[in-house]
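S.K.: prediction below, plus the sequence it came from.
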Amino acid sequence: MHVSESLHRNLKTIAMPSVMVVGALLCRPLAGLEAASHQMITPTLIFLMLFVTFCRVSPKQMKPSMLHLWLLLFQVVMCVAVYLVLRPLNEVVAQGAMVCVLAPVAMAAVVIAGMLGANVATMATYSLICNMAIALVAPVILTFTGNGVCTFSQILARIAPLLIGPFAAAQFFRFVFPKAARWIGDHSLISFYMWLLSLLVIIGRTTCFIIDLHDASMSTELWLAFAALVICLVQFKVGRMLGRRYGDPPAGGQSLGQKNTVLAVWMAQAFLNPISSIAPTAYIVWQNFVNSYQIYRKDREKFR
């Protein structure tokens, strides 16, 4: 193994946990930087890294499959089931757990899935299908389980710019500048480092949110964090099991396990008991620990 390959492998292995620790320690400066940018740092990075990833995908490759249907069906049925089971025990925990399942697949899941060897076209297709489907379903579920009326346009306004924009821009680039698009696609690992930067800011903002939250009891916070951990592990496991049936475990795992937590936190704070947003906030940490472990395992297999 070349020295550069070994160095890069070790860097990828420790990158996410290290970034999460640094983000937590520098939470105040990072939150201040994000506020000064009018919350534009993370969306910009996500747009760019999706653009880089989508330069590898042709619309002809994007075809809905039975895997997509099963993933979506599990997500919708499971979010209602989790809420109904936990509601008699604790309404706030039920809402937090529910929104961790309801939240659509993260835009960045396409990037991580590609690193894990998934079919990027499969992931890109599910990202579009899932986000649009949840934009239709979420208003109904949140209206019945929450404190206010949620609409399709409110959800769509949150996801459309980072859902359709990068894909459209990448396809335009593929058509007008095919050689440049091919070069970008061949160097798509740059999107991983963009993801690390966005993760740094997200963890900083998350840490500040937890520190500044004084309305919840410690036991409620711990139950919400524990519920998020269990749901995170279950969704990654079930996703990989479904993906394995259709020949793509990493795509299944990322599709179901990696959530658009920024949207989940917003949904919880806007339409549910705001304290329930601790669950998707904790989910940010759990899903990135899972992804760190998966990247470590993948690299170990690659260089064995």
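M.R.: That came in fine, so what should we check first?

S.K.: which residues of the stretch 151-300 of the chain score low on pLDDT?
M.R.: For the stretch 151-300 of the chain, the stretches flagged by pLDDT under 70 are 188, 214, 216.

S.K.: can you show me the strands along it?
M.R.: Taking DSSP state E, counting those that start in this stretch, the stretch 151-300 of the chain contains no strands at all.

S.K.: distance of the residue lying closest to residue 180 once chain neighbours are set aside relative to residue 112?
M.R.: Nearest residue to residue 180 in three dimensions, chain neighbours excluded: residue 173, at 6.8 Å (CB to CB, 6 or more residues apart in numbering). Every C-beta, even on glycine, is put in place using the N, C-alpha and C of the backbone. Counting by CB to CB, to the nearest Å, the gap from residue 173 to residue 112 is 22 Å.

S.K.: what does residue 161 give?
M.R.: Taken as CB to CB, the span from residue 161 to residue 112 is 21 Å.

S.K.: the two - which one has more neighbours?
M.R.: For residue 161 versus residue 112, the count of surrounding residues by other CB atoms under 10 Å is larger for residue 112: 27 against 13.

S.K.: tell me how far the more buried one lies from residue 280.
M.R.: For residue 112, the distance to residue 280 equals 18 Å [CB to CB].

S.K.: quick one on the thing from earlier: how about the residue nearest to residue 180, what does it touch?
M.R.: By CB atoms under 8 Å, 6 or more residues apart in numbering, the contact set of residue 173 is 51, 55, 180, 181, 184.

S.K.: what's the neighbour count on the third one?
M.R.: This means residue 180. If we define neighbours as other CB under 10 Å, then residue 180 has 12 of them.

S.K.: swap in the fourth one?
M.R.: Burial measure for residue 181: 21 neighbouring residues, criterion other CB under 10 Å.

S.K.: quick one: residue 268 from residue 185, how far?
M.R.: Separation of residue 268 from residue 185 (CB to CB): 36 Å.

S.K.: between these two, which one's more packed in?
M.R.: Comparing residue 268 with residue 185 by other CB under 10 Å, the one with more neighbours is residue 268, at 29 against 18.

S.K.: verify the contact between that one and residue 276 for me.
M.R.: Yes. Here residue 268 reaches residue 276: they are 4.7 Å apart, a contact under CB atoms under 8 Å.

S.K.: quick one: common contacting residues for these two?
M.R.: Taking CB under 8 Å, 6+ apart as the criterion, residue 268 and residue 276 both touch 95, 96, 99.

S.K.: residues in contact with the last one?
M.R.: By CB under 8 Å, 6+ apart, the residues touching residue 99 are 79, 264, 267, 268, 272, 276, 277, 279, 280.

S.K.: now tabulate those in a markdown table and tack on distance to residue 121.
M.R.: Compiled in a markdown table, the contacts of residue 99 are given as follows (distance: CB to CB, whole Å):
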| residue | distance to residue 121 |
| --- | --- |
| 79 | 27 |
| 264 | 26 |
| 267 | 28 |
| 268 | 32 |
| 272 | 35 |
| 276 | 35 |
| 277 | 33 |
| 279 | 32 |
| 280 | 28 |
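
S.K.: dump the shared contacts of residue 268 and residue 276 into TSV; add distance to residue 145 and pLDDT as well.
M.R.: TSV is the format used below for the shared contacts of residue 268 and residue 276 (distance: CB to CB, whole Å; pLDDT from 0 to 100):
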residue	distance to residue 145	pLDDT
95	6	94
96	11	94
99	9	94
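
S.K.: these in helices, which ones?
M.R.: Among the shared contacts of residue 268 and residue 276, the ones falling in helices (DSSP state H) are 95, 96, 99.

S.K.: could you measure from the closest residue to residue 110 other than its chain neighbours over to residue 253?
M.R.: Spatial nearest neighbour of residue 110, excluding adjacent residues (CB to CB, 6+ apart): residue 123 at 4.5 Å. According to CB to CB, residue 123 and residue 253 sit 11 Å apart.
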